[in-house]
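**Q** Here you go, sequence then predicted model.
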Amino acid sequence: MAITVDTPHDLLNQVGQDLGTTEWLVVDQDRIDGFAQVTGDHQWIHVDPVRAKEGPFGTTIAHGYLTLSLVNLFLPQLLRIQSFASGVNVGLDRVRFIAPVRVGSRLRGQGQILAMEEVKGGAIQSVVRMTVEIDGQEKPACVADTVSRYFP
């Protein structure tokens, strides 16, 4: 369930707030192949199930950047801001790929607000740590500190 606030200003005192987790999402071969098609990254470990069966993971794995891109799917499921003129993705402060995502894995996002501040022009900037968890695995797939800016 998402945390919903009226305005970005309502988040200024929410540093440290745990945003909870999203529903699980299955990463299937079609999603991996689609990502390979869009990015041009057709490395066999991602797109050749026969060859990957003999590889280090025993199956194909998702691209690290595919896993990272899911942060953009998960974050709005955890945090909803009702009223602002526009929002922009400023970037990432830190990204780590910790564990491989084998085809068929279930992933979910977990979020925590690390920082909220008013910046030049009256915008509110947030830093939210998104952890992409793998069902049944101790280590997460990815941890990324996202930076977003919301304009009044």
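**A** Thanks, I have it.

**Q** avg pLDDT for the biggest helix by length in the chain?
**A** Ordering each helix of the chain by length in residues (DSSP state H) puts helix 29-39 first. Per-residue pLDDT over helix 29-39 has a mean of 98.

**Q** for it, packing partners?
**A** helix 44-47, helix 64-69 (3 or more C-beta pairs under 8 Å, 6 or more residues apart in numbering; DSSP states H and E). The way it works is simple: take the backbone N, C-alpha and C, and place the C-beta from them, glycine included.

**Q** Tell me how far Leu73 lies from Gln110.
**A** Leu73 sits 13 Å away from Gln110, going by C-beta to C-beta, to the nearest Å.

**Q** quick revisit: in TSV: the helices and strands packed on helix 29-39, plus distance to Val27, mean neighbour count and mean pLDDT.
**A** TSV is the format used below for the helices and strands packed on helix 29-39 (distance: least, C-beta to C-beta, whole Å; neighbours: other C-beta atoms under 10 Å; pLDDT from 0 to 100):
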stretch	distance to Val27	mean neighbour count	mean pLDDT
helix 44-47	11	17	98
helix 64-69	8	19	98
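
**Q** Same list (those) but as CSV, adding distance to Lys120.
**A** Below are the helices and strands packed on helix 29-39 laid out as CSV (distance: least, C-beta to C-beta, whole Å):
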stretch, distance to Lys120
helix 44-47, 41
helix 64-69, 28
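
**Q** And those: which comes nearest Glu23?
**A** helix 64-69 (16.5 Å; C-beta to C-beta).

**Q** Distance from the next helix or strand after that closest one to the middle of the chain?
**A** Next along the chain after helix 64-69, taking DSSP states H and E as the criterion, comes helix 71-78. When C-alpha coordinates are averaged (C-alpha atoms, centre = their mean, to the nearest Å), helix 71-78 and its chain have centres 6 Å apart.
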